[in-house]
Structure formats: structure tokens, C-alpha cells
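1. Sequence and predicted structure are below.
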Amino acid sequence: MNILFPLVRAGSGSDIFTYNLVSGLNNLSVHADVQYLPGWTGYVPSLMGRICRPEGYDLIHSNTWNGYSFTKIKPTVVTAHSAVRLPELKKYQSISQRAFYRLVSKREASSLKTAEYVCCVSNFTARYLERMYGYSDSVIIYNGINTDTFCPVDKDEVPNHNDKNKKIKIFFSGNRRIMKGFDLIPKIMKELGDKYTLTIASGLRSQNKRTFQDNIIDLGCIRSDQIHRVYQDSDIFLFPTRLEGFGLSVAEAMACGKPVVTTDCSSLPELVIDGKGGFLCRMDDVKAYADAIRYIAEDENLRIRMGRFNRQRVLDMFTLEKMTENYIKVYNRII
């Protein structure tokens, strides 16, 4: 079995999904390659099928935004990663984003009609396809985490763990977009005060470091083979997002045994069990996020219990091996 993944780098979770799945397939002796396409083809995806070199491959795996470009040249599996066209999210999008997403919507509709199989990274994403396009035949396959890399560390390996005066370390990892709730972070940290510090890593999109208030540290863009260390060094993961197709950074934090404070929206209730692995807060409610962080921070035993719960939940539901095996089952229905 030989699988081709054409990819236009987007600097998003869909890139990480591709890298992870290709690695997982090759680990299970399924030959898989990434074929990088020029960035400009993202605006004219109809040309992707002409540029792509599919010789020697049995099928193509792409996303729902671009998949229709390949369905005439090879059997194609597409994965839906997001739900950007929900009307209630327009107020968080720029005019240019809305215009681009309208274009994306037409592409996505074509992919749903022509792909051999449509996969979704969450039940929420599947419901989105049904709501927007009337498509109800999705195969739901949760994203998977490399649990050998993203794993808890012994307390003794964490610097200054026994320092009674140390500040609670909060971590945010993601692109600096309003959709991710990035605009809420300074407000939340102002509410929390100087007993807490928050570290920001800006995801795959290279962005210049910014200066915030004293209790926020901006690391900029962190290498993918290093970011697990920042998760491990934190006490609580904060993610005040307004939309997630899955929530890869949340799952990474859970795999590292960290409690999560995030939003009660989109796919996140499928990952975080409220009160057991962290807290799901009302969207845009700065005080609710801050109160949830304080509640977890004040009880170290609670942090430990929540972290262990999250680690086990990832091992049960969101491993790289489980995701890879489920995609192989889909491929076997075609080949």
C-alpha cells in the first residue's frame, strides 16, 4: 500500500496531522510520503492535480478544502479538520477571511461529492458537514498524539518543583488569532495577577515575539521537537479558543499529564471531561477562565489527579497508533 499526501503548508494543526499520520503509517510498514506543493496553489487548488505527481501511489489523502483536485487522478480520501463557515463565528473573522472561507466552502462541497471516503477529526466536525452541506456519511477518526514524546515527567525533573514560593506556570500553544482566543490572554492574566506566569508558544506560524505585561513570557515559534518540554514544565494548560475542529494542542497537554482550562464549545467537550480533566468555561468569559485556573492552582493533589486522568484518556482514545490503524481500515476498503 502506497499513500501520497499532497500538502500546502498552512502552519496549522492540519500540517501536524499530516506529519503525524505519515510517520504512523511508515511505522506500521505502510509506505506514505508527503509531497509539498507551492503555497500559491492554495488559492487556485484546481491546479494541484496537474502539479501533483501521483505515479506509484495507490491513493491520495488530502483535506476537504483541496481534495476535489485529486479525485480524477487517483482514489482520494479527504479529512475535514475545521468548521470555519459557521455563521455564529463571523464576528471573529476579518473581511478577507470571510471571503476566503466562502471560496473554501465551494471547494469543500466538491470534495464531499467526489472523494471515496470523507473522514472527520471529531463528532463536532461531522455535525458541521451535515449542517452546512447535508453530508452525513463521515467516518470519525480522532487525531492521534505521539504519547512517547508527549508524556509526563517525574517531578524531580521539573526545575524548582520543591520551591514553595514558585509561581504557577500556565501555558498557551497556538496561532495568534482571534479565533483561538488569543486576544483574551492578557485579560485573563491581568485577572490572575503576579502569582501566575503564562508562557506563549505561537505554533507553526513564525511570528515575532511581543512584549506583554510582566506575567506573560513570549517564546515565539518553538520547534516541533522541543515544544513537549514546555508542556512538561507547565502546571496548567490554558486554551480560550472560540473554534476547534479537534484541539490538537489540548490533546498534547493532556498527554503530558496537565489539567486543561478551555472553552465549552465545538469539539472540546469530546476531549476534556469537565471537572475531571480540567474545566470547560463559557466562551469569552475572562473571569470564568481565571477562576478555573485559581481553583486548580490552589490544590496540587487536584492537579495531579486531573493530569493522570487526562493522560489515561489520551492513551484510551487519542493515540497515534489508534488513529493510524483506523485510517488503514479506511484505505483497505478502497485498495
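-> Received it, and whenever you're ready, just let me know what you need.
2. residues near Tyr295, how many?
-> Tyr295 has 13 neighbouring residues, counting by other CB atoms under 10 Å. All C-beta spots, glycine's among them, are computed from the backbone N, C-alpha and C.
3. Could I get the pLDDT score of the residue lying closest to it once chain neighbours are set aside?
-> Excluding the flanking residues, the one nearest Tyr295 by CB to CB, 6 or more residues apart in numbering is Phe279, at 7.4 Å. Per-residue confidence (pLDDT) for Phe279: 98.
4. How about Lys195?
-> 93.
5. how much space between the spatially closest residue to it that is not a sequence neighbour and Thr76?
-> Once flanking residues are discounted, Lys195 sits nearest to Lys167: 5.8 Å by CB to CB, 6+ apart. Using CB to CB, to the nearest Å, Lys167 is found at 50 Å from Thr76.
6. Of the two, give the one with the bigger neighbour count.
-> Thr76 (27 against 15).
7. Please, where are all the helices along the stretch 1-150 of the chain?
-> 13-27, 48-51, 95-114, 123-133 (DSSP state H, counting those that start in this stretch).
8. mind putting the ones you listed in CSV, mean pLDDT and mean neighbour count included?
-> Compiled in CSV, the helices of the stretch 1-150 of the chain are given as follows (pLDDT from 0 to 100; neighbours: other CB atoms under 10 Å):
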stretch, mean pLDDT, mean neighbour count
helix 13-27, 91, 19
helix 48-51, 84, 16
helix 95-114, 82, 15
helix 123-133, 93, 18
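9. Could you say which one of the ones you listed comes nearest to Gly220?
-> Closest to Gly220 of these, according to CB to CB: helix 13-27, at 17.6 Å.
10. what residues does that closest one touch?
-> 3, 5, 7, 9, 31-34, 61, 63, 79, 81-82, 121, 143-146, 204, 224, 245-246, 248-249, 320-321, 323-324, 327-328 (CB atoms under 8 Å, 6 or more residues apart in numbering).
11. How far does it sit from its chain's centre?
-> For helix 13-27, the separation from the chain centroid amounts to 13 Å (computed by CA atoms, centre = their mean, to the nearest Å).
12. CA atoms of it as PDB?
-> Provided in PDB are the C-alpha atoms of helix 13-27 (Å, rounded to 0.1, in the frame of the first residue of the first chain):
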ATOM      1  CA  GLY A  13      -2.900  21.700  13.000                       C
ATOM      2  CA  SER A  14      -3.700  20.100   9.700                       C
ATOM      3  CA  ASP A  15       0.100  20.200   8.900                       C
ATOM      4  CA  ILE A  16       0.900  18.400  12.100                       C
ATOM      5  CA  PHE A  17      -1.900  15.900  11.400                       C
ATOM      6  CA  THR A  18      -0.200  15.100   8.100                       C
ATOM      7  CA  TYR A  19       3.200  14.700   9.600                       C
ATOM      8  CA  ASN A  20       1.900  12.500  12.400                       C
ATOM      9  CA  LEU A  21      -0.100  10.200  10.100                       C
ATOM     10  CA  VAL A  22       2.700   9.800   7.600                       C
ATOM     11  CA  SER A  23       5.000   8.900  10.500                       C
ATOM     12  CA  GLY A  24       2.500   6.500  12.000                       C
ATOM     13  CA  LEU A  25       1.900   4.800   8.600                       C
ATOM     14  CA  ASN A  26       5.500   4.200   7.900                       C
ATOM     15  CA  ASN A  27       6.000   2.800  11.400                       C
END
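13. Let me see the contact set for the closest residue to Arg102 other than its chain neighbours.
-> Among residues not flanking Arg102 along the chain, Arg85 sits closest, at 7.7 Å (CB to CB, 6+ apart). Counting by CB under 8 Å, 6+ apart, Arg85 touches 101-102, 104-105, 132.
14. which among the residues you listed gets closest to Ile216?
-> Nearest to Ile216 among the contacts of Arg85: Tyr101, at 30.1 Å, using CB to CB.
15. Is it correct that that closest one is in contact with Ile95?
-> No: Tyr101 is beyond contact range of Ile95, at 10.9 Å (criterion: CB atoms under 8 Å).
16. which residues touch Asn2?
-> Asn2 neighbours (CB under 8 Å, 6+ apart): 31-33, 56-58.
17. you'd agree Leu243 is in a strand?
-> No: under DSSP: H, G, I helix; E, B strand; the rest coil, Leu243 sits outside any strand and is assigned coil.
18. Can you go through the contacts of helix 13-27 and name the buried ones?
-> 3, 5, 7, 9, 32, 61, 63, 79, 81-82, 121, 143-146, 204, 245-246, 248-249, 320, 323-324, 327 (16 or more other CB atoms under 10 Å).
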